[in-house]
Every structure is written in structure tokens, then in C-alpha cells.
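Enquirer: The following comprises the amino acid sequence and a computationally predicted model.
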Amino acid sequence: MSATKDKATMENSDDEANIEPVKANTIDELHSLQRKKNVTPNKSKNDLDDYSGQERHKQQLESISASLASLTRETGPKVVRGDPALRTQTQRVAHVPHQRITPTIAVSDSALKFTHVLYNLSPAELYEQAIKYEKGSFVTSTGALATLSGAKTGRCPKDKRVVKDDLTENDLWWGKGSPNIEMDEHSFMVNRERAVDYLNSLDKVFVNDQFLNWDLENRIKVRIVSARAYHSLFMHNMCIRPTPEELENFGTPDFTIYNAGQFPCNRYTHYMTSSTSVDINLARKEMVILGTQYAGEMKKGLFSLMHYLMPKRQILSLHSGCNMGKDGDVALFFGLSGTGKTTLSTDHNRYLIGDDEHCWSEDGVSNIEGGCYAKCIDLSKEKEPDIWNAIKFGTVVENVVFDDHFRVVDYEDKSVTENTRAAYPIEYIPNVKLPCVGPHPKNVILLACDAFGVLPPVSKLSLSQTMYHFISGYTALVAGTEEGIKEPQATFSACFGAAFIMLHPTKYAAMLAEKMQNHGATGWLVNTGWSGGSYGSGNRIKLSYTRKIIDAIHSGSLLNVEYKKTEIFGLEIPTELEGVPSEILDPENTWSDKAAYKETLLKLARLFKKNFETFTDYKIGEDNKLTEDILAAGPIF
């Protein structure tokens, strides 16, 4: 080896020893070097650009401050960006001037303190906040964030309130059968003050500025103010995530949620019946949550908002799944829990537009959300591979049970609740269509799991029948697990989502029929329940048969077969369908006891009639009664 080479080798081997020490005097300073500042470079460096950026930042802080204003403070708290735990950052930003008006109504200690805003944090940042500060937050073996929603593990529909005022008194559906329980403006403001004061008392709050509706012309800007990283990550996943440019120019939101769910409402407040209250004020464009930490209240509260706002723009809001074929044919899937809506709308041969909430405008369909909120109970890779694979880093799993050491989730364990859930961004689904929009639907599929066993596996519906069955929103549940009880229980939910609609069901049904007629869509009723007898004596219709039926609807081949009409319900049913035994297409054929079939058929028909009594005398406007053809589309004895 040459001397020159030896010298070079020695110099290279000594390079690490000659590296300058880190530019930090303390461990805290060293940690501060670990995180690179996320600064969006300016396109040009002139003074005007710098000023406009500072002005936008100032306006953003003022907007958030205004959102948090209470009745006793005109301007809201002194809002600053950043986590108070990061002391060096806090010292730098705490004196950013953004309040031009000194509070004049009242001065209290809370008016003198800073409220630190954690604004549109990334999933990684929210993980850190949750694990560090929120008891019950863990990372599972697949990278999802497991968390607990507290005492409430589901929605509280009896505690949902809507302000009844001059704006809503004649617009909204009130009274028997309605999900809208009224409250007055004063009671709302009492609850709002309680929520805002609680949020302002905290050292920090999470603020999400996001969008609803992938239709850019009709999207809604929403702001969610919450106390938990779990809620912020949930909404990050469920709403549409703005780009950095959209966020920079977000401006004033169209609707604001104050989630103070860790704090109860005052039960002595008028209209309150428990320590939980979920309140919507459409005039103020605000929603207040007290006494429940279940994240689904935010999702469905926003869905209720869309059920009010969109019809005013002649856009139909729908509680449905939606997918699109490779040729651009779109199908809507309606169905209550257990009907197979998720399973049938998730089709690897078709693109997923969305799994739950949609709008149908003059331009076509659009997903309202930016994510999916899937049930996890008994989840398996074999049954639901897409949902299984979506539960990874960034996903929130609620109230699940997992192995203490390996953090492997046991999806069969119901120890916390049967309503275990996973919330993940929609792009976690491999065959999703982005952006989540599509042309006008070609097929409208109403799913019913008929445990009575008397509805046909598939029926082609007229427009009036589609309206009737859409308003009915029927499925049947098998009665509890108590031994010896085999009688099915009929369940009706108007528009297949009665808990979330704001207007009378007939208004949504009339809009649906109009859009179907204008764009040539066909209505179908598909029974995914029993055949050959009711639950306990008959058999569940094979999923493979139902998939063949859905495939034939998508392809259009089911329009070109021979049909016959059933008695009582007057449904048009095909006499043959490739891949499905002809004898099961007419349910009467599958029952050995024909008298029992007719008796059960009449029983179900009476249940339909009784349920529809709620809607028969409703007037739309001054004198427009429910049309006779919808009533005639129901069962006839």
C-alpha cells in the first residue's frame, strides 16, 4: 500500500472525529433541532408577499378567536398557534398582535389568558398528543390509534336538539316520527356558553378547518373546535382535507362545531333531559356537544346539516353507498344495518365513490365525506379485506379490545361495546375514485334484510313504488338472543336514515323521484334476508345469489328479462335470472306451507301500512298533500 493511499485512508477514517459538535447547549435545544420547520416557501420574496402572508395569518387567528367568543367577551380569548408544552415556541408566538378590540363587556381571568390552538395537526402530531395526554390511547399492532369514547359508545338521538325559530319552524319536520326535538334560542346559548367557557379554560384546543362535499361548487367549509386529539384525528379522517393553499385562504367557516363532550350540560337548563346534549342552531350555523365523547355525533351532526342545506339548493342529500362501473354507470345503495350495504357497494370490479353519505345535484353524484366510518365487530380479513387493510397508521379505532403486549386487536371482543368502529381516510380503500364524484346514477338499489321471508330476492320498482319504499326504509331484525324467541321484528327508518333527516321524508322522496325520472334511473328492491320461511324455518338467501342479482342490475341485463307481478305488494319480479335458481325468485314457491306464507305476507303488509300512517296526512306547503300514487304503491289487501 502506498504512503499516499495510507494517508488518505487515515484521513477518511478520522472524518467522524472531526465533525463539528451539535449546535445545542441543552437536550431541549437538541430536540428542537430534530423537527424541521414546515415552512411553505414564498413564490417571490418581495415585501408585499411577506406582508400578505402575515395578514392572512393574523386574520386566521382573529377568525378562530371570533369562533371562541362568548357572551361575556366580545373578542374571544387571546388565540395563539402552537402547543403550550413547547415552551420555546410559546414564548416566540405568545405576543403576536391579533386583537384590535379590548374586551369591554367583562374582564375575567379567562379573558387574560392565552388559548393555544393546535391547528389542523397532521396524524403523526395528533398521535403524539393523544398518547402523551389522553388516557386510553394506544398504537395497535397495525399502526392504528386505539382510543376510548368514554361512557357513551354510540349516538344519543334522544338528546339531540334543534333550535326552533322563525327560520326552521315551517321548514323542518317536527312532531310525531320526527328526529328533530325542539329547543329555544336561549337554551342553546346557555349550552353554547357552557361549551365555549369549558374550551377556553383549557391550556390548548384543537381546531380543524375542513370541507364537506367533493362537489367544488357546493362544498361547505366547517370548523371543528375540540378538546381531544382523538376527535381532531377522527374529523381529519372523516371530512375532506384541504390542501395547504386551500387552508391558507380558508377564511370564515360556514358552520362550526364546539365539541366540549368531556363537560356535561346543566340538567336544569330548559329542554334538557340528561347531562348529554347535542344541539344544532341553523340560524347561527353552529353545533354544540356536551356530555358525550362519542365521535360519531360530529359526523352525523354534519350530515344533518347537509340534509338541510343541500335541498335548499335543489340538491338531494342521501344516506347511501355509491359505486361506479368502468363504463361510468353509477349505482346508489340504500339499506339499514345488517342489509349488506357495505358488502354489496364494495365491489372490486367497480370504483367506490363513497360508503355512507352523498349528494345528487344537476351535475351528478358526490361524496359528502373524506373518509369511512366502518363497523369493526367480528371484522375479518376474509370477509372485509378492504376495511381490514385500511386499519393502519392514521386510522382511529374506537372502543376495541386488544392484546396487552402485542397490541393485536380482537375484533370479536365486545367487552367495551358491540359498536366498535374504525375511521380512516377514503384513499385507504384501493379502488376508490378520486375525486369522489360521478355521473348521474343509473340504478337506485333499496336493500332489505327481510327476516319474515316473504319479499322477493329482487323486484323492479316503478317511480311511485320507489318513493313508497324509500319513505318506508324497511328491514327486519331477528329478535334478541333469548332462547325460544324466533319472531322477526320489522324496523322502519324513513329515507333509510330517519335519525339524520331535517325535512319531511316526502320532500326527499319527491326529489329522488324527480331526479330518477330526469336522468333515467331504475329503482330496485333487493331482499338479502330469508327465503323458504321466516327466520328459524327458512334459510338466508345465499350471498352468491345476491351478488349475481346486483351484477345483473349493473350490467343492465335484468331489464331485458320477463317479469310478473306479485300479490299484495304488487312487485314486478323476474321469472328467470342467470346464476340464480328460478324457483327462489318468487318467494311463494319456496314455502312448503302456502297458508303460512300468505298469513306472514299479510302480517308484513299490515306493518307497512301502520308505519306509513305517519306520512299519509302530511302537507307539503299550503295545499300539496301526499300524492295518491305513492299511497297506491303500497300493499293492497
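Expert: Happy to help now that I have it.

Enquirer: What separation do you get for the residue nearest the centre of the chain and Tyr373?
Expert: To find the centre residue of the chain, average its C-alpha atoms and take the closest one (C-alpha atoms, centre = their mean): that gives Lys299, at 4.3 Å. Here Lys299 is placed at a distance of 6 Å from Tyr373 (C-beta to C-beta, to the nearest Å). C-beta coordinates here come from the backbone N, C-alpha and C atoms, glycine included.

Enquirer: Would you mind listing the residues touching both of those two?
Expert: Overlap between the contact sets of Lys299 and Tyr373, as judged by C-beta atoms under 8 Å, 6 or more residues apart in numbering, is given by Met238.

Enquirer: And the helices in the stretch 401-550 of the chain?
Expert: With DSSP state H, counting those that start in this stretch as the criterion, the stretch 401-550 of the chain has helices at 463-472, 505-519, 543-555.

Enquirer: Can you add distance to Gly438 and mean pLDDT and give those helices back as JSON lines?
Expert: Putting the helices of the stretch 401-550 of the chain into JSON lines (distance: least, C-beta to C-beta, whole Å; pLDDT from 0 to 100) gives the following:
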{"stretch": "helix 463-472", "distance to Gly438": "20", "mean pLDDT": "97"}
{"stretch": "helix 505-519", "distance to Gly438": "12", "mean pLDDT": "96"}
{"stretch": "helix 543-555", "distance to Gly438": "14", "mean pLDDT": "97"}
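
Enquirer: just those helices: most buried one?
Expert: helix 463-472 (a mean of 23; mean count of other C-beta atoms under 10 Å).

Enquirer: If I look at the residue nearest to the centre of the chain, what pLDDT would I see?
Expert: Reading off the confidence values, Lys299 has pLDDT 98.

Enquirer: before we move on, what about Glu487?
Expert: 77.

Enquirer: So what's the residue count around it?
Expert: Using other C-beta atoms under 10 Å, Glu487 has 11 other residues around it.

Enquirer: Quick check: it vs Tyr535, distance?
Expert: When distance is defined by C-beta to C-beta, Glu487 is 8 Å away from Tyr535.

Enquirer: the helices in the stretch 201-350 of the chain, which residues?
Expert: Counting by DSSP H, counting those that start in this stretch, the stretch 201-350 of the chain has these helices, from start to end: 229-238, 244-248, 296-312, 341-345.

Enquirer: How far does the first one sit from its chain's centre?
Expert: Shown here is helix 229-238, whose average C-alpha point lies 12 Å from the average C-alpha point of the whole chain (C-alpha atoms, centre = their mean, to the nearest Å).

Enquirer: just the angle between that helix and helix 296-312, please?
Expert: 40 degrees (axes from the mean of the first three to the mean of the last three C-alpha atoms, to 10 degrees).

Enquirer: Show me what helix 229-238 is packed up against.
Expert: helix 123-133, strand 145-147, strand 204-212, strand 220-226, helix 296-312, strand 371-375, strand 396-398, strand 421-425 (3 or more C-beta pairs under 8 Å, 6 or more residues apart in numbering; DSSP states H and E).

Enquirer: Give me the angle between the longest one and strand 421-425.
Expert: Between the direction of helix 296-312 and that of strand 421-425, the angle (the same axes, to 10 degrees) works out to 60 degrees.

Enquirer: begin at 363 from here
Expert: From this message on, residue numbering opens at 363, which makes the last subject helix 658-674.

Enquirer: Can you check what angle separates helix 658-674 from strand 566-574?
Expert: Counting by the same axes, to 10 degrees, helix 658-674 points 40 degrees away from the direction of strand 566-574.

Enquirer: on that earlier part again, quick one, what contacts the closest residue to the residue nearest to the centre of the chain other than its chain neighbours?
Expert: Of all residues not flanking Lys661 in the chain, Met600 sits nearest, at 5.3 Å (C-beta to C-beta, 6 or more residues apart in numbering). With C-beta under 8 Å, 6+ apart as the criterion, the residues that contact Met600 are Met660, Lys661, Glu731, Gly732, Gly733, Tyr735, Ala785.

Enquirer: From Glu607, how far out is the fourth one?
Expert: With distances taken as C-beta to C-beta, Gly732 is found 17 Å from Glu607.

Enquirer: Looking at those two, which is more packed in?
Expert: Of the pair Gly732 and Glu607, Gly732 is the one with more neighbours under other C-beta under 10 Å, namely 23 against 9.

Enquirer: so the residue nearest to the centre of the chain makes contact with Gly732?
Expert: No: at 11.1 Å, Lys661 does not count as touching Gly732 under the criterion of C-beta atoms under 8 Å.

Enquirer: hang on, the earlier thing: list the contacts for the residue nearest to the centre of the chain?
Expert: The contact partners of Lys661, by C-beta under 8 Å, 6+ apart, come to Phe596, Met600, Glu731, Tyr735.

Enquirer: picking that back up, just send the helices and strands packed on helix 591-600 back as JSON lines, with distance to Ile651 too.
Expert: Written out in JSON lines, the entries for these read as follows (distance: least, C-beta to C-beta, whole Å):
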{"stretch": "helix 485-495", "distance to Ile651": "18"}
{"stretch": "strand 507-509", "distance to Ile651": "16"}
{"stretch": "strand 566-574", "distance to Ile651": "13"}
{"stretch": "strand 582-588", "distance to Ile651": "9"}
{"stretch": "helix 658-674", "distance to Ile651": "6"}
{"stretch": "strand 733-737", "distance to Ile651": "17"}
{"stretch": "strand 758-760", "distance to Ile651": "16"}
{"stretch": "strand 783-787", "distance to Ile651": "16"}
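
Enquirer: Determine which stretch of those is the most buried.
Expert: For the helices and strands packed on helix 591-600, average neighbour numbers computed from mean count of other C-beta under 10 Å are highest in strand 758-760, which has a mean of 26.

Enquirer: gap between it and the chain center?
Expert: Using C-alpha atoms, centre = their mean, we find the averaged C-alpha position of strand 758-760 to lie 14 Å away from the chain's own average C-alpha position.

Enquirer: and what of stretch 870-888?
Expert: Averaged over its C-alpha atoms, stretch 870-888 has a centre that lies 23 Å from its chain's centre (C-alpha atoms, centre = their mean).

Enquirer: Equivalent analysis for stretch 622-635, please.
Expert: The chain centroid and the centroid of stretch 622-635 are separated by 24 Å, computed with C-alpha atoms, centre = their mean.

Enquirer: model confidence over it, on average?
Expert: Computed over stretch 622-635, the mean pLDDT rounds to 92.
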